[in-house]
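Asks: Just to be clear, the model below is a prediction. Sequence and coordinates:
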Amino acid sequence: MITDLLEKDSPVSTYRPSKEVAAFQNMVQKDYTHGHNILTKSWTELNDNSVIEDMNRGRRMINSYVNEGYEDPATAWKWRGTRSKARNKAIGMHANLTAAYLIPSFEAQNEDGEQDREFSEFMSDIVEWMAGDENSNYKENFLSLVFAMESDPIVYLGAEYQKVMQDIKIKGEDGRYTKKEILDEVLSGFKAPIYTADQVLISNAFERNLQKHRFNGKRRWIEYDEAKAKYGEHENWDYVKKGFSAVFNAEDNLFYEIKDEDHPNLVEEFTGSYRRGDTEVCFIGGIYMGDTNVENNPMKHRDNFGAPRYNIQQFGYYPIGSHFIFYKSMMNTMQWDNRLYDAMSEIGMNRAILEAEMPVAVSGADKIDTEIMFPNAVISFADKDTKVTPLLPASQLGTLFTALDKTDESLSESSISETAMGQLPPASQKAFTVAQAQANSRKIYAGVGKGLASSVSKYGLLMADIAINHLTVAEVEELVGDTTKLKYRKFILPEKIQGGKRNAKILRFDEGLMGKEMTTEEKDSENLKLLEEAGYPDSEKDIYVANPELFKKMKYLSRADYKELFPRDDVAMQALLTGLYMQTQQDPLVDHEVMLRELMYSYFHGRGDKFVKKDTMLALQQGITPSVPITGQNPAQQQLSPVAPQVPGVQ
């Protein structure tokens, strides 16, 4: 789609869209070129490298790439490797940043700006379910995302919802097979794909808020058959060719076919979006796949109030300047020290090779070569004047290794120390020095963690949009006479902490609550029914029901706490909880059952609940909300009810 690729012998394409489509495609093509120029332009912020050059360099470093080729055979003996210092630091940083998955939480606000805690928790639980869904790949891509932050100047995480159908074969009673179309559960649903720096085209390199960009484009190269499955029904599909792209030439208003040498067996899928114009169109190999009427191509991703949004969020290691959208990757930060360390290592290693197999100069008549140079060789010279002299003087490598240590310290200062990576410090190193190095490392990965949490928080809004517009929408289950029976999706969180217990948490919507007003007594009655349905008190699940109409009307604010990336280890939690449990025995404001369950979990994890006695003294009384604890006369022997299921969203 870049006109610069046109050549004199480029064949004319048979693709002939309408004037309106051609004009629109010409506009998208110009924005495509502009976005591509941003990726290939040299930036002072990136040390006069382009975004793509900086990305490729970072990937070479994190993959410990070494060019093993040599031009002069005489230098083939030299060591030309890498000590992989930058890569090892990146692995240590990745381990610290991914000790836990960072999932956004939410605050729900009604039309008056008041917080609704029940809907806040309900949305947070649904998004947690989305992140835990295996088909979404959120957790898997979160790990890859952090690695990409360390090597690339920018990386994007998409929030997409797909509904893909597939044909299956069903054997009938007569033995014949017929085809039936069903929903492809693997390819459908919420998806969190990763887009690298070269896959996303932007309109402004100095605006960090992507939603303010006039244009956004996403491109990827896919199999021809995959493209056909998605767009094969479009009237323009016949113009799509594997390994070719159609490029518009404004001078003669014709399209030309450009061969893609880098992807000969694939086709480019490019999606151009204009948020302000509420327009989004996909092009396959440069062929328009939108509606015949250009005005009828609204953006797919929208919030719960119908406003369009770009469905990607950028992530990076450290910001550069105040406005530059691209980031300084970890590899960019460490590149000079890493190069210096490898260069000095190369000098030291090569000198060590020469020390072990020292080249010599021979003077005299006797022949001395590699045939007689071997361990424990005893040689006598016929010529008394024969001399064997080393060609190199004695080495002075002490200064070199001191410089290596200083460079290693510099690498740790810009990343994390070896101790923070799990290595034991040298015995000679003082405890204060180790503590200082660890504190410096914590500051660095806490700073990176804050940036990561900020991006996850913004990404959470995109997840909430998908939850509202796709996952909480009722589907027609069956027709009963003239009425329609609707079915809402049910969400199950296998192990959710409620009142210190780890039960399955079930979330569902009930259309019977829509437009219904209930008194406090009616709410309590419904809560008791839910408890009974869950099998209380021996239940291993909690049921929560919400009003779908009110759920959609709420305004949701997203948050992510970077401290969740660094959870305490079990040993620390055991000591902390044991002390708190003993100190607060007489405190009536502390839920001792919850604390005891947390303590047992720190020791035994999923088996911790079996060490806690079941609550057999709790008596449910009509008219009392189950979530209110029933207190005894002695605060030390107080029996507390578990957090009861709720009915959020009832007016």
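Replies: Noted; the coordinates are in hand.
Asks: For Asn338, pull up the helix or strand it's in.
Replies: Here Asn338 sits within helix 330-356, counting by DSSP states H and E.
Asks: Name the helix or strand for Leu580, please.
Replies: Going by DSSP H and E, Leu580 is part of helix 570-583.
Asks: mind listing what's buried in the helix holding Asn338?
Replies: Judged by neighbour count (16 or more other C-beta atoms under 10 Å), helix 330-356 contains these buried residues: 330-335, 337-338, 340-342, 344-346, 348, 351, 354. Heads up, the C-betas are built off the backbone N, CA and C, glycines and all.
Asks: ditto for stretch 46-55
Replies: 46, 49-55.
Asks: Not counting its own residues, what contacts it?
Replies: 38-43, 57, 151-154, 196-198, 320, 326, 329, 332 (C-beta atoms under 8 Å, 6 or more residues apart in numbering).
Asks: Among the residues you listed, which lie within helices?
Replies: 38-40, 57, 151, 332 (DSSP state H).
Asks: Using ChimeraX, make a named selection holding only the buried ones among those.
Replies: A single ChimeraX command selects the buried members of the ones in helices among the contacts of stretch 46-55 (16+ other C-beta under 10 Å):
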select :38,39,57,151,332
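Asks: which of the ones in helices among the contacts of stretch 46-55 lies closest to Leu576?
Replies: Ser151 (36.7 Å; C-beta to C-beta).
Asks: what comes up buried for the strand or helix carrying Lys139?
Replies: Per DSSP H and E: Lys139 is located in helix 138-151. Within helix 138-151, the residues scored as buried using 16+ other C-beta under 10 Å are 138, 141-142, 145-151.
Asks: before we move on, back to that, chain center to the helix holding Asn338, what's the gap?
Replies: Offset of helix 330-356 from its chain centre (C-alpha atoms, centre = their mean, to the nearest Å): 33 Å.
Asks: Now do that helix and helix 138-151, the angle between them.
Replies: 60 degrees (axes from the mean of the first three to the mean of the last three C-alpha atoms, to 10 degrees).
Asks: Check the model's average confidence along helix 330-356 for me.
Replies: Mean pLDDT, helix 330-356: 84.
Asks: Kindly report the same for stretch 578-590.
Replies: 86.
Asks: Break the protein down into its structural domains.
Replies: Annotated domains of the chain cover 1-65+134-447, 569-637 [automatic domain parsing].
Asks: could you redo those domains as TSV and give each row distance to Asp561?
Replies: Listed next are the domains of the chain as TSV, based on distance: least, C-beta to C-beta, whole Å:
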stretch	distance to Asp561
domain 1-65+134-447	12
domain 569-637	17
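Asks: and among these, the most buried is which?
Replies: domain 1-65+134-447 (a mean of 16; mean count of other C-beta atoms under 10 Å).
Asks: starting at the chain centroid, how far to that domain?
Replies: Distance, centroid of domain 1-65+134-447 to centroid of chain: 14 Å (C-alpha atoms, centre = their mean).
Asks: now for the helix holding Asn338, which elements pack on it?
Replies: When contacts are defined as 3 or more C-beta pairs under 8 Å, 6 or more residues apart in numbering; DSSP states H and E, helix 330-356 sits against helix 51-62, helix 85-97, helix 138-151, helix 398-413.
Asks: between the ones you listed, which one is nearest to Ile543?
Replies: So among these, helix 138-151 is nearest, using C-beta to C-beta, at 25.1 Å.
Asks: which stretches of the stretch 501-650 of the chain have low pLDDT?
Replies: Filtered on pLDDT under 70, the stretch 501-650 of the chain yields the residue ranges 501, 606-609, 614-650.
Asks: hang on, isn't Leu183 packed against Ile168?
Replies: No: using C-beta atoms under 8 Å, Leu183 is not in contact with Ile168, being 10.5 Å away.
Asks: any common contacting residues for these two?
Replies: By C-beta under 8 Å, 6+ apart, no residue touches both Leu183 and Ile168.
Asks: returning to what we had before: send the alpha carbons of the helix holding Leu580 over as PDB?
Replies: Output in PDB follows, covering the C-alpha atoms of helix 570-583 (Å, rounded to 0.1, in the frame of the first residue of the first chain):
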ATOM      1  CA  ASP A 570       4.900 -18.100  52.200                       C
ATOM      2  CA  VAL A 571       7.600 -17.900  54.900                       C
ATOM      3  CA  ALA A 572       7.100 -14.100  55.400                       C
ATOM      4  CA  MET A 573       3.300 -14.500  55.400                       C
ATOM      5  CA  GLN A 574       3.500 -17.400  57.900                       C
ATOM      6  CA  ALA A 575       5.400 -15.200  60.400                       C
ATOM      7  CA  LEU A 576       3.200 -12.200  59.800                       C
ATOM      8  CA  LEU A 577      -0.100 -14.000  60.100                       C
ATOM      9  CA  THR A 578       1.000 -16.100  63.100                       C
ATOM     10  CA  GLY A 579       1.900 -12.900  65.000                       C
ATOM     11  CA  LEU A 580      -1.300 -11.100  64.100                       C
ATOM     12  CA  TYR A 581      -3.400 -14.100  64.900                       C
ATOM     13  CA  MET A 582      -2.000 -14.300  68.400                       C
ATOM     14  CA  GLN A 583      -2.000 -10.500  69.100                       C
END
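Asks: Other residues contacting the helix holding Lys139?
Replies: Helix 138-151 has contacts (C-beta under 8 Å, 6+ apart) with 55, 58-59, 61-62, 90, 93-94, 97-98, 101-102, 130-132, 155, 157, 190, 192-194, 196, 315-317, 327, 329-331, 448, 452.
Asks: nearest to Trp237, of the buried residues of helix 138-151?
Replies: Nearest member of the buried residues of helix 138-151 to Trp237, counting by C-beta to C-beta, is Asn141, at 30.1 Å.
Asks: Now Phe604: closest residue in space that isn't a chain neighbour?
Replies: Phe611 (6.9 Å; C-beta to C-beta, 6 or more residues apart in numbering).
Asks: Could you pull up phi and psi at the one you found?
Replies: Note on Phe611: backbone dihedrals following degrees, to the nearest 10 are phi -90, psi 0.
Asks: for Ser363, same thing?
Replies: Here Ser363 shows phi and psi, under degrees, to the nearest 10, equal to phi -120, psi 140.
Asks: I'd like the distance between it and Thr389.
Replies: 7 Å (C-beta to C-beta, to the nearest Å).
Asks: before we move on, back to that, how far away from the center of its chain is the helix holding Leu580?
Replies: For helix 570-583, the distance to the chain centre is 33 Å (C-alpha atoms, centre = their mean).
Asks: by how many degrees do the helix or strand immediately after that helix in the chain and helix 570-583 diverge?
Replies: Next helix or strand after helix 570-583 toward the C-terminus (DSSP H and E): helix 592-604. If you take the same axes, to 10 degrees, helix 592-604 sits at 150 degrees to helix 570-583.
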